[in-house]
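[1] Could you work out the structure for the sequence below:
(chains A and B)
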Amino acid sequence: MAHEHDSHGDDHGHGGLGKYLTVGAALGVLTAISFVVGASETLMQSVPQVGRTVMIAVSCMKAMLVMLFFMHLIWEANWKYVLTIPASIMSFFLVLMLVPDIGLRGRRYSEERQLHTAKAAGAREPKSYSPLEAAYQTEQGGVDPHGHEESGSDGYQ
Amino acid sequence: MADTSGHHDDHGQIHLEYQPALPINNGKVILWLFLSTEIMFFAGLIGTYIVLRFGAPAGSWPVPHDVHLIEWVGGMNTFVLIVSSLTIVLALEAARNNKAKAAKIWFLATFFFGAVFLVIKTGEYYSKFSHGIYPQKPHSQIYEKADVYYVSAVRLRLAALQSYYNEKDADFTAAVAEKLAIYDAVESADALTDENRAKLVELDETIQRLQASHDQIDRRLNDVVNPLLTSFASWTERTAATTDDPAKRQAAMEVLAYQIYPLHHDAHHVSEFQRWEETDRAQEQAELDARARAIYNAGSAGLKRVSVLDTEMPATQRKIDESSVKLALADTEQAARLFDERAAHKKTLADEAKERADTLATLSPEEQQAVAALLSIDERLAVLDERATWLEKLFAANYHQDEQTFMNNATAGHEGAWLGLNYDHHWLRLPMKIPSGNMWASTYFLLTGFHALHVIVGLIVFACIVPLELNATRANMIENTGLYWHFVDLVWIFLFPLLYLF
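    Sure, this is the predicted structure:
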């Protein structure tokens, strides 16, 4: 939309009360959507990935609306790409570099984590649960409720 | 980067126009450069939060309610910032149309909403601080796991509370002790000298003055702090130190952590651990009872007598203590009667002690050892008994299989859920077990703190601009301020779902 204006450097007279109010209302509605999604326990407990994806998508839409209309980027010349895209790429790589050491820090099991896992394993089958049994099963590498690949036999931390 | 555009003039020649800069004003260029560094800064911070949050061991990152985050408060703050973004855009629009008055109103509205955001944020920070959630240690009461360090931190906090309240109550205790000392020094209540009586009146005044504060302190100490120290913290520490089974050691500490600060997903295994403890306790009680009975039945008449006296003497001592308290609080008229009552109890105790010593001397060395064994069995039984009593009283909750959580038996409020000793007695502020809680607190305060700093800077800039005449000549200034303010809004748009809803 509004691409016919792109070549103009001058941005006077593009906004307009109606457009701003529409964007403001859209932002309010989107906030309500992410609130409803985040607060619905059934959704966040059964398929949290879906809920989180929706919320992030909503946030990105809100961010685009604010940048394009409130910050007038939709009506700016091409310099906008020079300032925003490299900054975004660099911050993306900064975060990516944290993943191996920080993001995957939970991949190695410690002794306490085994106990923790044992407890979580028990929480799934309340009736037949006995903490001792569960701890024993996890030690044998039998139960791995969180779906991690390693069973922890390659060394404790 | 010059934006060049060529067009033909009348003579068929191409005339090139050269623009020395971007087609926007210099202030805007600088502001956008600044914003691009801000993008990197906040994207780095937010991205780091995401990496830390999803890299945390499964189920260990605190959910909003574990750390007193309320979703709708965050939602309201999001809405407030969006409205402020809208009003500053409207201020710009009005200024461009040279409507200075309308522009000022919209600008003031923006300032107002920014301030509302900060007020709500302050309230949120306060609720964290009042629950012992701080970004770092001296104040923070967050512990990552229920281990021996955690349990000893709980004990230290309770001991600190105990000595704090004892010190606060010191004047009252001293007055009571002095009063009793005066009574102890005389044969009967009639034998008091005039000097003594004057002193007693003086002490009575002190006691009456401090009575109300003493009662409150006494309730906190005797109903909460002291039993928590002996039957919860020290009990757990002892169990963790003396049990061979590592799973049971862990269980004892998890139970303590749950009693203080319940995390919903711990409820099930804690109920299981409590059943363990109950079984173990009943078994130990039965064993001790049987042993005591065996020793008693096999003993001579002398041993039996000593054993009976050993159960009677603590009861007499309790009677003396009770009448001492009564005497200390009594006025002079009742004092005579209470004095005699106390003297009678004291005499009983002295007689019993003498009889016990005499009887003990007639026993063989083996039987004397048996008496000591009986005493230690009684001591342990008393500890077990106390644990059971206080568990029922202070942890008044039972596991509810359908709800998968502990339900408070004592109160029906708050949908009956057990909210923890820290909730029931907010002044306790005991250390809490919140897995990954310290990491959460660090990132939460860093992210929201930097964002709040940006809001404050924005408000300062607004305050500088508000006194000006906001006509068309100020449009650029308002636009640049607005760009900054929209960025602050953008950051919050991402912070809200990440911090409150994930």
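
[2] any idea of the pLDDT on the residue nearest to residue B:148 when sequence neighbours are not counted?
    Distances taken as CB to CB, 6 or more residues apart in numbering or on different chains place residue B:240 nearest to residue B:148, at 5.9 Å, with adjacent residues excluded. Heads up, the C-betas are built off the backbone N, CA and C, glycines and all. pLDDT, residue B:240: 90.

[3] OK, contacts around residue B:240?
    Counting by CB atoms under 8 Å, 6 or more residues apart in numbering or on different chains, residue B:240 touches B:148, B:151, B:249, B:252, B:253.

[4] Could you tell me which ranges of the chain sit under the pLDDT cut-off?
    Unless you meant another one, I'm taking chain A. Low-confidence segments of chain A (pLDDT under 70): A:1-14, A:108-157.

[5] meant chain B, my bad for not saying
    B:1-12, B:18-22, B:410-415.

[6] Grab the most central residue of it for me.
    residue B:429 (3.4 Å; CA atoms, centre = their mean).

[7] ok, that residue to residue B:124 distance?
    19 Å (CB to CB, to the nearest Å).

[8] repeat for residue B:474
    34 Å.

[9] So what are the structural domains in chain A, by residue number?
    Listed domain ranges for chain A are A:15-76, A:77-118+A:127-140 (source: automatic domain parsing).

[10] ok, the longest one near chain B or not?
    Yes: shown here: domain A:15-76 in contact with chain B (CB under 8 Å from any CB of the partner chain) through A:15-17, A:20-21, A:23-24, A:27-28, A:31, A:34-35, A:37-39, A:44, A:51-52, A:55-56, A:58-59, A:62-63, A:66-67, A:69-72, A:76.

[11] List buried members of the contacts of residue B:240 by neighbour count.
    For the contacts of residue B:240, a neighbour count by 16 or more other CB atoms under 10 Å in any protein chain shown gives the buried set as B:151, B:249, B:252, B:253.

[12] got the contact list for the second one?
    Counting by CB under 8 Å, 6+ apart, residue B:249 touches B:239, B:240, B:243.

[13] The same query, at a cut-off of 7 Å, please.
    B:240, B:243 (CB atoms under 7 Å, 6 or more residues apart in numbering or on different chains).

[14] One more: the third one?
    Neighbouring residues of residue B:252 by CB under 7 Å, 6+ apart: B:236, B:239, B:240.

[15] on that earlier part again, can you add secondary structure and give the buried ones among the contacts of residue B:240 back as TSV?
    TSV is the format used below for these (DSSP: H, G, I helix; E, B strand; the rest coil):
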residue	secondary structure
B:151	helix
B:249	helix
B:252	helix
B:253	helix
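
[16] Select, from those residues, the two members most distant in space.
    B:151 and B:249 (10.3 Å; CB to CB).

[17] rewinding a little: need the buried ones from the residues of domain A:15-76 next to chain B selected in ChimeraX.
    Buried residues among those (16+ other CB under 10 Å), as a ChimeraX selection:
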select /A:15,20,23,24,27,28,31,34,35,37,38,39,44,51,52,55,56,58,59,62,63,66,67,69,70,71,72,76
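
[18] all strands for the stretch 1-150 of chain B, in order.
    With DSSP state E, counting those that start in this stretch as the definition, the stretch 1-150 of chain B shows strands at residue ranges B:6-8, B:14-16, B:142-143.

[19] quick check, distance from the second one to the centre of its chain.
    Once both centres are worked out by CA atoms, centre = their mean, to the nearest Å, strand B:14-16 turns out to sit 75 Å from its chain's centre.

[20] Check the last one too.
    Distance of strand B:142-143 from its chain centroid, counting by CA atoms, centre = their mean, is 10 Å.

[21] which residues are contacting it?
    Strand B:142-143 has contacts (CB under 7 Å, 6+ apart) with B:133, B:150, B:153, B:431, B:432, B:433, B:434, B:437, B:438, B:441.

[22] how does it look with 6 Å?
    The set of residues external to strand B:142-143 that reach it, using CB atoms under 6 Å, 6 or more residues apart in numbering or on different chains, is B:150, B:431, B:433, B:434, B:437, B:438.

[23] so the third one makes contact with residue B:257?
    Yes: using CB atoms under 6 Å, residue B:433 makes contact with residue B:257 at a distance of 3.7 Å.

[24] what's in contact with the top helix by length along chain A?
    The single longest helix within chain A, with elements called by DSSP state H, is helix A:17-39. Helix A:17-39 has contacts (CB under 6 Å, 6+ apart) with A:51, A:54-55, A:58, A:62, A:65, A:69, B:71, B:75, B:78-79, B:82, B:86, B:89, B:497, B:501.

[25] same thing with stretch B:374-394?
    Residues from elsewhere that reach stretch B:374-394, judged by CB under 6 Å, 6+ apart: B:227, B:231, B:235, B:281, B:285, B:288, B:292, B:295, B:307.

[26] Closest one to chain A out of the residues you listed, please.
    residue B:281 (17.0 Å; CB to the nearest CB).

[27] what's the nearest residue to that closest one if we skip its chain neighbours?
    residue B:384 (5.7 Å).

[28] Can you give me the neighbour number for that neighbour?
    Residues lying near residue B:384 (other CB atoms under 10 Å in any protein chain shown) number 18.

[29] distance between the strand or helix carrying it and the chain's centre?
    Assessed by DSSP states H and E, residue B:384 sits inside helix B:365-394. Computed by CA atoms, centre = their mean, the chain-centroid distance of helix B:365-394 equals 33 Å.

[30] Next SSE downstream of that helix?
    Under the assignment DSSP H and E, the closest C-terminal helix or strand after helix B:365-394 is strand B:397-400.

[31] Using PDB, list the CA coordinates for stretch B:98-107.
    Provided in PDB are the C-alpha atoms of stretch B:98-107 (Å, rounded to 0.1, in the frame of the first residue of the first chain):
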ATOM      1  CA  ASN B  98      -0.300  25.100  12.800                       C
ATOM      2  CA  LYS B  99      -2.900  24.400  15.500                       C
ATOM      3  CA  ALA B 100      -0.700  25.200  18.400                       C
ATOM      4  CA  LYS B 101      -3.400  24.800  21.000                       C
ATOM      5  CA  ALA B 102      -4.500  21.300  19.900                       C
ATOM      6  CA  ALA B 103      -0.900  20.300  19.600                       C
ATOM      7  CA  LYS B 104      -0.200  21.300  23.200                       C
ATOM      8  CA  ILE B 105      -3.200  19.400  24.400                       C
ATOM      9  CA  TRP B 106      -2.100  16.200  22.600                       C
ATOM     10  CA  PHE B 107       1.400  16.700  23.800                       C
END
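
[32] what about it, near chain A?
    No: shown here: stretch B:98-107 not in contact with chain A (CB under 6 Å from any CB of the partner chain), separated by at least 10.7 Å.

[33] what distance separates that stretch from the centre of its chain?
    That offset, for stretch B:98-107, works out to 48 Å (CA atoms, centre = their mean).

[34] Would you mark the buried spots in it?
    Applying a neighbour-count criterion of 16+ other CB under 10 Å, the buried positions in stretch B:98-107 are B:99, B:100, B:102, B:103, B:104, B:105, B:106, B:107.

[35] swap in stretch B:463-482?
    Buried residues in stretch B:463-482 (16+ other CB under 10 Å): B:465, B:470, B:471, B:474, B:475, B:476, B:477, B:478, B:479, B:480, B:481, B:482.

[36] to the chain's geometric centre, what's the distance from it?
    Worked out by CA atoms, centre = their mean, stretch B:463-482 lies 47 Å from the chain centre.

[37] Over to stretch B:442-455?
    The answer for stretch B:442-455 is 23 Å, by CA atoms, centre = their mean.

[38] Give me the contact list for it.
    Outside stretch B:442-455, the residues that touch it by CB under 6 Å, 6+ apart are B:45, B:49, B:114, B:117, B:118, B:121, B:135, B:488, B:491, B:495.

[39] Who wins on neighbours among these?
    Among those, residue B:117 has the most neighbours (other CB under 10 Å), with 26 neighbours.

[40] Neighbours of the residue lying closest to that one once chain neighbours are set aside, how many?
    Leaving aside its chain neighbours, residue B:117 sits nearest to residue B:80 (5.1 Å; criterion: CB to CB, 6+ apart). Neighbour count for residue B:80, taken as other CB under 10 Å: 21.
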